[in-house]
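Q: Sequence plus predicted model, see below.
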Amino acid sequence: MATGLIVHLEIVPDQREAFVEIARAHGARSLRLESGRCLSFEVFVPVTSATQVILVEKYVDDDALQAHWDSPHMAEYSARVEAMITSRTRYRCLV
């Protein structure tokens, strides 16, 4: 069974555009570097909020998600965006 990850983020208001650009690049990089393990990576920008972003990711299994979290490109992404995030809620799901 595949593993899904939904992440609801609150972003510093004047940083959302920059965050979305970085997150989309990270998603594309994850799909390329984790081919066959990272199955999808979507960045949603709610039109009813100036501060929210939702990430929806799908991995082949829990090991693939853990490998993503442990990857050098995840560490780089985290370092770039951490100051932009004011809160984060993660939902790990069966798909």
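A: Right, received. Where do you want to start? Numbers count the residues shown, from 1 in each chain.
Q: packing partners for the helix or strand Glu10 falls within?
A: Counting by DSSP states H and E, the element that carries Glu10 is strand 3-11. Counting contacts by 3 or more CB pairs under 8 Å, 6 or more residues apart in numbering; DSSP states H and E, strand 3-11 packs against strand 52-59, helix 62-70, strand 85-94. In short, each C-beta sits where N, CA and C put it, glycine included.
Q: Let me know the average pLDDT across the helix or strand that it is followed by.
A: The helix or strand immediately downstream of strand 3-11 is helix 16-33, counting by DSSP H and E. Here helix 16-33 scores 99 as its mean pLDDT.
Q: and helix 16-33, what other elements does it pack with?
A: In this structure, helix 16-33 packs against strand 38-44, strand 52-59, helix 72-81, with contacts taken as 3+ CB pairs under 8 Å, 6+ apart.
Q: Can you give me the buried ones in it?
A: Under the neighbour-count criterion of 16 or more other CB atoms under 10 Å, helix 16-33 has 16, 19-20, 22-23, 26-27, 29-30 buried.
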